[in-house]
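**Student:** no sequence on hand, only this structure:
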């Protein structure tokens, strides 16, 4: 069963054709009976109203389909669980949590633009989770499309080992099919929707180029496969089946990156892509076992993907449904769960009941009798579970590694228009923050304002629109505000004492703290250098709690602190008057005082901005970003456009798209993501 299962994601920069390609996969595998187009707002995988209106993917959507090989392995049927991920950097958390639970991925590239900014981001996410990938160069029919330049771009920018297993027949408006370098045949597509795949011998005029690229494929594979090396050097014939088998091994080891080509919008090249994903991407039991931490034994243990044994799953996404309530998306790693069963939330130490188990098809669902190891589905009825929680049994208390999400960098204030709207707003915010780990809410103690924070202007705009349209909340939204940070720029040692009488009992504490700046990106660090015996552990725990609370409350302006090192060098403890409360408060006060004397600085978020502009407007575009305090870090000239990489303070980037469209006649685009914090100028 596991050998015929594939859990794959489709990832790329915005507008590379992820959803368009997914729609074709669903059509050719028989899951849908009509091709849904993104431009018409009819894509099955983009089911949210916001996605249809904006023409972009906002939430990752899961579906299950089945594919029967029509060529090699004919008759074998594969189950494919697909997750279509967003391409916009503001929704990077959706990609992060999808890649965490997938076994393989298809990276899609634009044949005109090659490797773009967000492509690099998602590629590094896939590397972090060691996800084997295959590549697909899409939009071969567009003006400026160049398969071989895009291949060079993949090699130079992603630092991978690409191997073309297809080359195009023609390009731009002459693109008509492809040459399969494994079978050494030409492949074309006919029928009303490209559903008929026709194979034929390679035309004599194209044979020299095909042989040249076949040679490159064998050379790349020979560098990682001894079997291919022996046959290659011996001049023997290399059968297609052996080539596939060795290529599969190298993909699973992440040594070779096979690349295909096509034009999904014109229904060219998608069926061979489906064949490639079942041929080269792993089954759940072919990837490295998941590593879990056994809480009782305090050790890491591997969890092999097996149908027998204790059930273990990871909640990787929460989605709210008006009728069913909370939908918990689960990836199973071992054993199986059935409807009506009880599972154990290891992190929260809570028992949960699984009322129903569903298999999702975008926003539609069908009930299933069980969810087994290696599969992906949805549990209905979980009350406490959140993204990143591990579900298992009390007899096997292990926790799978949690996902790490980036910190929000942009905030706006939101206020209900009247008192009755306050409860509706509170409910909407609770649901949205449970769904999206990068969306946070907090109340400003000084102003009483409710502040919501997210990953960018588009992210917050989408969430606010969802509140007003989906949850029918009437609210007023303030202008975007940058989420600053505070730090120190000098070292300082401070002695703090605390003495208060509560309920007739004296509470005292004394501490000496040393604070110092740490390199950017290090994070906050607290070190206890006191080796004094006779002091209860609870006192040291209280000091650490006080420190952690102080890190979040800022120094001068109340913004969270980053990159501050704190050392506890001395402690004054009395058995009679020393209390946990006193030491927690003393640590908090001491940190504040020490930092105020250690030259505090305000840090602002700096964004990495990737500008793409036609050559005739590139000067105006660079001028525009330098006016906003941006600094150009690199520039790359391509056939029909220039790509400019810059860094700019986030505070100056609001409304940048409007100005960019104005100076480039609407032809330049940009993407940006958080890079680092630096001292505000």
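**Tutor:** Nice, I can see it. On a predicted model such as this, the values are computed, not experimentally measured, just so you know.

**Student:** pLDDT weak spots in the stretch 551-681 of the chain?
**Tutor:** 639-640 (pLDDT under 70).

**Student:** could you rerun that using 90?
**Tutor:** Filtered on pLDDT under 90, the stretch 551-681 of the chain yields the residue ranges 551-560, 570, 572-580, 604-605, 607-618, 620-621, 628-630, 634-644, 650-681.

**Student:** all strands for it, in order.
**Tutor:** Under the criterion DSSP state E, counting those that start in this stretch, the stretch 551-681 of the chain contains strands at 564-572, 600-613, 631-637, 642-649, 669-679.

**Student:** please apply the same query to the stretch 251-400 of the chain.
**Tutor:** So, for the stretch 251-400 of the chain - with DSSP E, counting those that start in this stretch - the strands run 257-261, 290-294, 299-303, 312-321, 325-334, 336-337, 342-345, 350-353, 356-361, 364-367, 371-372, 376-380, 390-392, 398-400.

**Student:** where's residue 538, which helix or strand?
**Tutor:** helix 537-553 (DSSP states H and E).

**Student:** in that helix, which residues are buried?
**Tutor:** 539, 540, 542, 543, 544, 546, 547, 550, 551 (16 or more other C-beta atoms under 10 Å). C-beta: built from backbone N, CA, C; applies to glycine.

**Student:** measure the nearest residue to residue 630 once chain neighbours are set aside to residue 654 for me?
**Tutor:** The shortest distance from residue 630 to any non-neighbouring residue, by C-beta to C-beta, 6 or more residues apart in numbering, is to residue 648 (3.5 Å). Applying C-beta to C-beta, to the nearest Å, the value for residue 648 to residue 654 is 11 Å.

**Student:** higher neighbour count, those two?
**Tutor:** For residue 648 versus residue 654, neighbours defined as other C-beta atoms under 10 Å are more numerous around residue 648 (21 against 15).

**Student:** please name whichever of the strands of the stretch 551-681 of the chain is nearest to residue 328.
**Tutor:** strand 669-679 (28.6 Å; C-beta to C-beta).

**Student:** okay, the angle between the helix holding residue 538 and strand 564-572?
**Tutor:** Here helix 537-553 runs at an angle of 150 degrees relative to strand 564-572 (axes from the mean of the first three to the mean of the last three C-alpha atoms, to 10 degrees).

**Student:** so which residues make contact with helix 537-553?
**Tutor:** Contacts to helix 537-553, defined as C-beta atoms under 8 Å, 6 or more residues apart in numbering, come from residues 511, 524, 526, 528, 530, 560-561, 564, 566, 568, 571, 573, 578, 580-581, 583-588, 591-592.

**Student:** residue 151 in helix, strand or coil?
**Tutor:** helix (DSSP: H, G, I helix; E, B strand; the rest coil).

**Student:** and it, what is it in contact with?
**Tutor:** 137, 162, 164, 259.

**Student:** can you rerun that using 10 Å?
**Tutor:** 109, 111, 114, 135, 137, 162-164, 167, 213, 216, 259, 261 (C-beta atoms under 10 Å, 6 or more residues apart in numbering).

**Student:** so which of the residues you listed are in helices?
**Tutor:** Among the contacts of residue 151, DSSP state H puts 213, 216 in helices.

**Student:** now a ChimeraX select for only the buried ones of the contacts of residue 151.
**Tutor:** Remark: buried members of the contacts of residue 151, expressed as a ChimeraX selection using 16+ other C-beta under 10 Å:
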select :109,111,114,135,137,162,163,164,167,213,259,261
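
**Student:** mind listing what's buried in stretch 240-256?
**Tutor:** 243, 244, 246, 247, 248, 249, 250, 251, 252, 255, 256.

**Student:** ok, the last one touching residue 160?
**Tutor:** Yes. Using C-beta atoms under 10 Å, residue 256 is in contact with residue 160, at 8.5 Å.

**Student:** could you look up the next helix or strand downstream of the helix or strand of the chain with the lowest mean pLDDT?
**Tutor:** Sorting the helices and strands of the chain by mean pLDDT, DSSP states H and E puts helix 49-54 at the bottom, at a mean of 52. Sequence-wise, the next helix or strand downstream of helix 49-54 (DSSP H and E) is strand 61-68.
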